[in-house]
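Chemist: pasting the structure only:
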């Protein structure tokens with residue numbers, strides 16, 4: 001009695017694995033393979049009556065189809081009947097992290113680090129796909145054979161629905177949302193960094209860093225009560241404490257970025273390949289930033305008009321394909337993973353679309369300004385040397401290319417200088433400087449070489465000393481550090 005069959009999957013309605021406001025999860029079996037599965041059943045009448053719920057379901061399916069990782073619960077199938085929708089996922093036999101914490105109270109530092117590494121490994125896929133979870137909490141982290149897996153992406157992008165759910169689920173439970181979400185302020189993917197730090201703290205110390213009975217009280221406590229660690233009772237290494245402090249900065253601008261987390265000494269050894277891959281993509285992004293800068297200035301493009309031109313769908317936002325068409329104009333050899341990486345840098349709030357303010361902010365953060373007046377202010381800065389004259393524009397391009405090469409290949413300035421200082425007098429004449437520039441840009445003209453030379457020759461004595469060379473490239477030294 002109570003047995004149901006949906007296509008090749010069989011389950012008993014008495015055999016529940018979990019239940020929420022909008023869905024019931026059953027333990028089931030794939031009849032053909034004998035594989036255990038989790039079957040999430042959602043009532044069509046409930047889902048279709050609420051646009052937010054329907055959007056949340058669609059988003060969950062789309063996201064889970066994208067994500068492939070041993071630390072993310074895998075989507076196996078999606079089906080529907082006249083009455084219900086069914087999402088079939090891999091079955092996790094160990095319950096969820098919330099249940100584990102209630103049973104164990106605390107984890108050892110070694111166990112907690114293992115948990116954190118699993119969660120961060122799952123997040124590498126979210127980061128790659130530009131997805132912000134937004135609803136990370138212990139109950140949304142499942143356990144299968146001692147492996148921790150991220151689950152429940154129903155509110156990963158459906159923000160309005162998420163806020164509604166947050167308000168209704170607050171009573172009696174500690175919240176893991178960032179101060180920005182609690183305060184209904186604009187936020188970015190660092191909201192997940194906060195949640196990770198919050199859960200990691202709880203795993204180590206058996207309690208959350210702040211508690212409250214309402215969102216307003218929680219927000220007040222976060223802002224008024226300093227973060228404290230009960231290390232007198234539970235000793236934890238300074239390295240681990242430092243990681244938590246970086247994650248739990250109420251001010252988003254001071255909170256750790258993903259890059260800072262993955263490079264942190266507490267976990268960096270587990271993510272060397274991810275760090276290297278991101279480093280290569282960042283180098284590519286920096287080269288493209290320079291090319292975009294030059295294109296906008298050369299063609300005197302207005303960002304508002306440019307955005308409108310790129311927005312083919314006229315929905316006042318760019319998707320990855322619309323941005324990709326623009327980036328292909330800049331670099332015809334750009335790869336899809338490079339487009340997606342740059343798209344995610346623009347898409348600060350993780351909404352999977354780029355609004356004009358995000359487009360403008362990212363370009364302005366990289367010295368590309370929104371109108372001609374701002375461009376002119378930027379041109380006045382000595383280091384940019386962005387003039388209307390074509391020769392000076394090309395000269396600036398070569399200078400930027402030189403700077404990027406120094407950073408990318410970690411070139412020591414003194415070694416580079418001495419290599420072309422054929423007279424060995426720690427000075428470069430225009431011929432020696434020209435040889436260096438031809439290595440960077442083989443097609444550089446004499447006029448362009450002269451313009452670059454004049455840029456470096458600060459005292460205009462016809463020679464470039466190493467001090468002048470270093471002064472003009474000091475931003476490279478800072479960025480390499």
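Modeler: Yep, that arrived. Since this is a predicted model, take the numbers as computed values, not measurements.

Chemist: from here on, contacts and neighbour counts on C-alpha atoms
Modeler: Noted.

Chemist: Flag the shaky bits of the stretch 51-200 of the chain, pLDDT-wise.
Modeler: Residues of the stretch 51-200 of the chain meeting the criterion pLDDT under 70: 154-174.

Chemist: Which helix or strand contains the most centrally placed residue in the chain?
Modeler: Most central in the chain under C-alpha atoms, centre = their mean is residue 127, positioned 4.8 Å from the mean C-alpha point. Under the criterion of DSSP states H and E, residue 127 resides in helix 109-128.

Chemist: Give me the helices and strands touching that helix, please.
Modeler: strand 147-150, helix 190-205, helix 336-346 (3 or more C-alpha pairs under 8 Å, 6 or more residues apart in numbering; DSSP states H and E).

Chemist: mind redoing it with 6 Å?
Modeler: On a contact count with 3 or more C-alpha pairs under 6 Å, 6 or more residues apart in numbering; DSSP states H and E, helix 109-128 meets no helix or strand.

Chemist: ok so, going back, gap between the residue nearest to the centre of the chain and residue 460?
Modeler: Going from residue 127 to residue 460 by C-alpha to C-alpha, to the nearest Å gives 49 Å.

Chemist: so what does the longest helix seen in the chain touch, helix or strand wise?
Modeler: Assignment by DSSP state H gives helix 272-298 as the longest helix of the chain. The contact analysis (3+ C-alpha pairs under 6 Å, 6+ apart) places helix 272-298 against no helix or strand.

Chemist: so where do the strands sit in the stretch 1-150 of the chain?
Modeler: Using DSSP state E, counting those that start in this stretch, the strands of the stretch 1-150 of the chain run over residues 3-6, 9-19, 23-30, 36-43, 75-80, 84-90, 141-144, 147-150.

Chemist: in the second one, what counts as buried?
Modeler: I take that to be strand 9-19. 9-11, 16-17 (16 or more other C-alpha atoms under 10 Å).

Chemist: Strand partners (parallel or antiparallel) of it?
Modeler: strand 3-6 (antiparallel), strand 23-30 (antiparallel) (DSSP bridges).

Chemist: Can you check which of these gets nearest to residue 224?
Modeler: Nearest of the strands paired with strand 9-19 to residue 224, taken as C-alpha to C-alpha: strand 23-30 at 37.6 Å.

Chemist: How far does the closest one sit from its chain's centre?
Modeler: Its chain's average C-alpha position is 33 Å from that of strand 23-30, according to C-alpha atoms, centre = their mean, to the nearest Å.

Chemist: tilt between it and strand 36-43?
Modeler: Here strand 23-30 runs at an angle of 140 degrees relative to strand 36-43 (axes from the mean of the first three to the mean of the last three C-alpha atoms, to 10 degrees).

Chemist: Could you pull up the mean pLDDT of strand 23-30?
Modeler: Taken as a whole, strand 23-30 carries a mean pLDDT of 91.

Chemist: For that strand, give me every contacting residue.
Modeler: 8-11, 15-19, 35-42 (C-alpha atoms under 6 Å, 6 or more residues apart in numbering).

Chemist: what angle do that strand and strand 84-90 make?
Modeler: Using the same axes, to 10 degrees: strand 23-30 against strand 84-90 is 60 degrees.

Chemist: List the buried residues in stretch 290-306.
Modeler: So, applying 16+ other C-alpha under 10 Å, buried residues of stretch 290-306: 290-294, 296-298, 303.

Chemist: Between its first and last residues, how far does that stretch reach?
Modeler: For stretch 290-306, the end-to-end distance is 17 Å (C-alpha to C-alpha).

Chemist: How far away from the center of its chain is it?
Modeler: 25 Å.

Chemist: swap in stretch 13-31?
Modeler: 33 Å.

Chemist: three-state assignment of residue 252?
Modeler: coil (DSSP: H, G, I helix; E, B strand; the rest coil).

Chemist: re earlier: return the most buried member of the strands paired with strand 9-19.
Modeler: Mean neighbour count (mean count of other C-alpha atoms under 10 Å) peaks for strand 23-30 among those, with a mean of 21.

Chemist: In stretch 47-65, which residues are buried?
Modeler: Residues of stretch 47-65 classed as buried: 47, 52-57, 59-61, 63-64 (neighbour count, 16+ other C-alpha under 10 Å).

Chemist: ditto for stretch 107-124
Modeler: For stretch 107-124, by 16+ other C-alpha under 10 Å, it's 107, 109, 112-124.

Chemist: Repeat that for stretch 94-110.
Modeler: Here stretch 94-110 shows 95-98, 100-101, 106-107, 109 as buried, counting by 16+ other C-alpha under 10 Å.

Chemist: Straight-line length of it, end to end?
Modeler: End to end - C-alpha to C-alpha - stretch 94-110 spans 19 Å.

Chemist: can you give me the angle the longest helix of the chain makes with helix 336-346?
Modeler: Using the same axes, to 10 degrees: helix 272-298 against helix 336-346 is 70 degrees.

Chemist: What ranges does the stretch 301-450 of the chain have for its helices?
Modeler: 303-310, 320-330, 336-346, 356-365, 372-379, 390-408, 413-420, 430-440, 446-456 (DSSP state H, counting those that start in this stretch).

Chemist: Report the separation between the closest residue to residue 307 other than its chain neighbours and residue 304.
Modeler: Among residues not flanking residue 307 along the chain, residue 356 sits closest, at 6.9 Å (C-alpha to C-alpha, 6 or more residues apart in numbering). The gap separating residue 356 from residue 304 is 8 Å, by C-alpha to C-alpha.
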